[in-house]
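K.L.:
Any chance you could fold what I've pasted below:
(2 chains)
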Number of protein chains: 2
Amino acid sequence: MAYELYYWPTIQGRGEFVRLALEAAGADYVDVSRQDDGEAMMRLMKTADTPAFAPPFLKLGERTIGQVAAILAWIGPQLGLAPDGDSDRAWVNQVQLTLADLVVEAHDTHHPVDLAAYYDEQKPEAARRAKGFRDQRIGKFLGWAERVLERNRAGSDWLAGDRMTYADLSLFQVAEGLRYAFPQAAARVMRDTPRVVAVRDRVAALPRIAAYLDSPRRIAFNEDGIFRRYPEFDG
Amino acid sequence: MAYELYYWPTIQGRGEFVRLALEAAGADYVDVSRQDDGEAMMRLMKTADTPAFAPPFLKLGERTIGQVAAILAWIGPQLGLAPDGDSDRAWVNQVQLTLADLVVEAHDTHHPVDLAAYYDEQKPEAARRAKGFRDQRIGKFLGWAERVLERNRAGSDWLAGDRMTYADLSLFQVAEGLRYAFPQAAARVMRDTPRVVAVRDRVAALPRIAAYLDSPRRIAFNEDGIFRRYPEFDG
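P.N.:
Prediction:
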C-alpha cells in the first residue's frame, strides 16, 4: 500500500521533512498535490473525520495523520528510521520538535506581525525579527544540535543512537534551509558546529537522498516557502 | 519511582500541560523547581547527555525527555491518558501539536519581533500581531477543535475516541488561557464552539483536576507567562 502525501505542490516547506523520510527509506509514495494541484488536499481538509489544521498530512489506507512531528513519529518505525523502545523514540521526537521550533522561527522572520499579510506588508518588522534570528537563534539552535551530537554515547555520526533516524534527515533539511536563507550567518555559525555539518554531508551522500536531490521531485527553495532568501536578512 | 518535572517555578507556561497530565492521573511527581528555584533545572540543561533546548523536561529514572508533545506522547500511555494502538496515538499527538501551535502564536502576540527583548520594547508590533490572533486565529483554532469533536465517531465528549486523553487536558488549558488573555475575543468565539466549552467544563469537573486547581500547586496566570492579559490586546 502506498503512502499518500498531501502538501502544497510548489514549495519544500514543512512537507519536505516527510518527503525526505519517504525518499530515504525508498518508500512507495505519491506526492498527491504535484499531480492534481492540491485539489484532493483541499477536499480532505474539509471532509476528513480527523481533519488536519494545515498541510502536510499523510494517508495510509484509511488513516490520515497531520503535523510533521506526528507523521514522522508514526511512520519512523515503519520506515526503519526510528530506534526501538518508547523512551529512545521519545528522545528522537524531542529532537525533531526542537528542529520544528527552529522552522517556526525561520518562518516568523518573514511573517512576524501578520500571518495573513504578505512579507511586503511587514518588512521593517521582518528585518528586526530576522536580526535576532540571525545573530542569536541560529547559533543557539545549531549549538544545541552540536552538543547533542557531541554527547551521544553511541558516537557523533547521528543525533540519536548509532543509526540514522528521521531527525538526522530533518537536521540536513534545516542546515540546507539556513544556508539558503541566511548564507553568511549560517556559514559563521557552522564554523563552530562541525558535527552538524558532518551529519548534513552524511545525509546528502546517501544514495537514495543524492538521487532524490538530483531529481525533479526535489522542489527548489523559493520565496514562497519557509526558508526565503531576502538579501536584506543576511549579513 | 516519582516523575521529576523541571520547569520555571513562577509561571504555568508550557509546563502546565505536563502538570495537568500528572495531576489528572494522580501520578507521583515532584515539581522540582518549586523547591529549589530552578537550580537543578539549570544544571541539567547544561550537563545532561540528552540536553533539552528549553524547559519543560521530565525525568523518570535515568531518562530525561523535553518538549511538551514528546513528554505527553511518552507518558500518556503510562498514565492511562492515551489510546491503544500506534495510529490512534499518532492522532492524539497530531491534536496536541496543533494546540501547541496555538500556544506559540499566543506567545508571539507579546513577542512578535524580538524574543530576547521585553514586551514593552515591541508594543506597537505586539498590538498588530494580537489583532490577527484575536480576530482570526483564535476562531480558526477553536473552530478546528470543534470540528474534531463533532466528527469524532465515538462521540463528542472527548477529542479522540471515547476516553479522555492528554489532548483534552491541553484543550482545557488552552481555553483557560485564551479566556484569561483575550476574554472578550474568547467569549465571542466560544459562543460558536459549544463542544470545546463542554470539554473544558468536563475536565474542570474531574475530582483530581478540581482539587489541583484549588490547590497552591496551581500557579495563577500572570504576565510573565505565555497567556498574558494586556488590556490593549482584547476587544
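
K.L.:
Which residue ranges make up each domain of chain A?
P.N.:
A:3-79, A:86-207 (automatic domain parsing).

K.L.:
Can you lay out those as CSV showing distance to chain B?
P.N.:
Every C-beta, even on glycine, is put in place using the N, C-alpha and C of the backbone. As requested, the domains of chain A are exported to CSV (distance: least, C-beta to the nearest C-beta, whole Å):
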stretch, distance to chain B
domain A:3-79, 4
domain A:86-207, 4
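
K.L.:
To B:Pro216, which of these lies closest?
P.N.:
domain A:86-207 (29.9 Å; C-beta to C-beta).

K.L.:
which of the residues in stretch A:126-145 are buried?
P.N.:
A:126, A:128-134, A:137-139, A:141-142, A:144-145 (16 or more other C-beta atoms under 10 Å in any protein chain shown).

K.L.:
no wait, stretch A:9-18
P.N.:
A:9, A:11-18.

K.L.:
for the helix or strand of chain A with the lowest mean pLDDT, which positions count as buried?
P.N.:
The helix or strand of chain A with the poorest confidence is helix A:39-47; it has a mean of 93 (mean pLDDT, DSSP states H and E). Of the residues in helix A:39-47, A:41, A:44-45 count as buried by neighbour count, 16+ other C-beta under 10 Å.

K.L.:
can I get the CA coordinates of that helix in PDB?
P.N.:
Extracted in PDB, the C-alpha atoms of helix A:39-47 (Å, rounded to 0.1, in the frame of the first residue of the first chain):
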ATOM      1  CA  GLU A  39      -7.500  19.600  -5.200                       C
ATOM      2  CA  ALA A  40      -7.700  16.400  -3.200                       C
ATOM      3  CA  MET A  41      -5.800  18.000  -0.400                       C
ATOM      4  CA  MET A  42      -8.300  20.800  -0.100                       C
ATOM      5  CA  ARG A  43     -11.200  18.400  -0.200                       C
ATOM      6  CA  LEU A  44      -9.700  16.200   2.500                       C
ATOM      7  CA  MET A  45      -9.000  19.200   4.700                       C
ATOM      8  CA  LYS A  46     -12.800  19.900   4.700                       C
ATOM      9  CA  THR A  47     -14.200  16.400   4.900                       C
END
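
K.L.:
Going along the chain from that helix, find the next helix or strand for me.
P.N.:
For helix A:39-47, the following helix or strand on the C-terminal side (DSSP states H and E) is strand A:57-60.

K.L.:
hmm, back to that, in CSV: the domains of chain A, plus distance to A:Arg229.
P.N.:
Below are those laid out as CSV (distance: least, C-beta to C-beta, whole Å):
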stretch, distance to A:Arg229
domain A:3-79, 13
domain A:86-207, 5
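
K.L.:
What segments of chain A are strands?
P.N.:
A:3-6, A:29-31, A:57-60, A:63-66 (DSSP state E).

K.L.:
can those strands go into TSV with extra columns for distance to B:Asp214, mean pLDDT and mean neighbour count?
P.N.:
Shown next, in TSV, are the strands of chain A (distance: least, C-beta to C-beta, whole Å; pLDDT from 0 to 100; neighbours: other C-beta atoms under 10 Å in any protein chain shown):
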stretch	distance to B:Asp214	mean pLDDT	mean neighbour count
strand A:3-6	45	98	22
strand A:29-31	51	98	17
strand A:57-60	40	97	22
strand A:63-66	36	96	21
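
K.L.:
looking at those strands, which is closest to B:Arg34?
P.N.:
Closest among the strands of chain A, once you apply C-beta to C-beta, is strand A:63-66, at 35.5 Å.

K.L.:
Output the contacting helices and strands for the closest one.
P.N.:
strand A:57-60, helix B:86-110 (3 or more C-beta pairs under 8 Å, 6 or more residues apart in numbering or on different chains; DSSP states H and E).

K.L.:
for the ones you listed, which one sits closest to A:Ala25?
P.N.:
strand A:57-60 (13.0 Å).

K.L.:
what's the burial count for the residue nearest to A:Ile65 when sequence neighbours are not counted?
P.N.:
Leaving aside its sequence neighbours, A:Ile65 sits nearest to B:Ala90 (C-beta to C-beta, 6 or more residues apart in numbering or on different chains; 4.7 Å). Around B:Ala90 there are 25 other residues, counting by other C-beta atoms under 10 Å in any protein chain shown.

K.L.:
Ok, A:Ala187 next?
P.N.:
By the criterion of other C-beta under 10 Å, A:Ala187 has 12 neighbours.

K.L.:
Go ahead and confirm it touches A:Tyr180.
P.N.:
No - the criterion here is C-beta atoms under 8 Å, and A:Ala187 misses it with A:Tyr180 at 11.8 Å.

K.L.:
Might you report the residue contacts of A:Pro51?
P.N.:
A:45, B:144, B:147-148, B:151 (C-beta atoms under 8 Å, 6 or more residues apart in numbering or on different chains).

K.L.:
Out of the residues you listed, which comes closest to A:Ile219?
P.N.:
Looking across the contacts of A:Pro51 and measuring by C-beta to C-beta, the closest to A:Ile219 is A:Met45, at 20.6 Å.

K.L.:
how close does the closest one sit to A:Tyr7?
P.N.:
Note on A:Met45: its distance to A:Tyr7, by C-beta to C-beta, to the nearest Å, is 12 Å.

K.L.:
Which residues are in contact with each of those two?
P.N.:
Joint contacts of A:Met45 and A:Tyr7 (C-beta under 8 Å, 6+ apart) are A:Pro55.

K.L.:
Below-threshold pLDDT in chain A: ranges please.
P.N.:
Low-confidence regions of chain A, defined here as pLDDT under 70, do not occur.

K.L.:
Could I get the full set of helices for it?
P.N.:
A:15-24, A:33-36, A:39-47, A:68-79, A:86-110, A:123-132, A:138-151, A:166-181, A:183-190, A:194-204, A:207-213 (DSSP state H).

K.L.:
give me the number of residues near A:His110?
P.N.:
A:His110 has 23 nearby residues by other C-beta under 10 Å.

K.L.:
Excluding sequence neighbours, find me the nearest residue to A:Ala82.
P.N.:
Here the residue nearest A:Ala82, using C-beta to C-beta, 6+ apart, is A:Gly76, at 3.3 Å.

K.L.:
Kindly reformat the buried residues of helix A:39-47 as TSV containing distance to B:Asp192.
P.N.:
Converted to TSV, the buried residues of helix A:39-47 look like this (distance: C-beta to C-beta, whole Å):
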residue	distance to B:Asp192
A:Met41	26
A:Leu44	23
A:Met45	19
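
K.L.:
show me the contacts for A:Pro56.
P.N.:
A:Pro56 touches A:5-7, A:13-15, A:18, A:66, A:68, A:71, counting by C-beta under 8 Å, 6+ apart.

K.L.:
still on that earlier bit, where's the residue nearest to A:Ile65 relative to A:Ala210, distance?
P.N.:
30 Å.

K.L.:
same check, this time on A:Ala117
P.N.:
39 Å.
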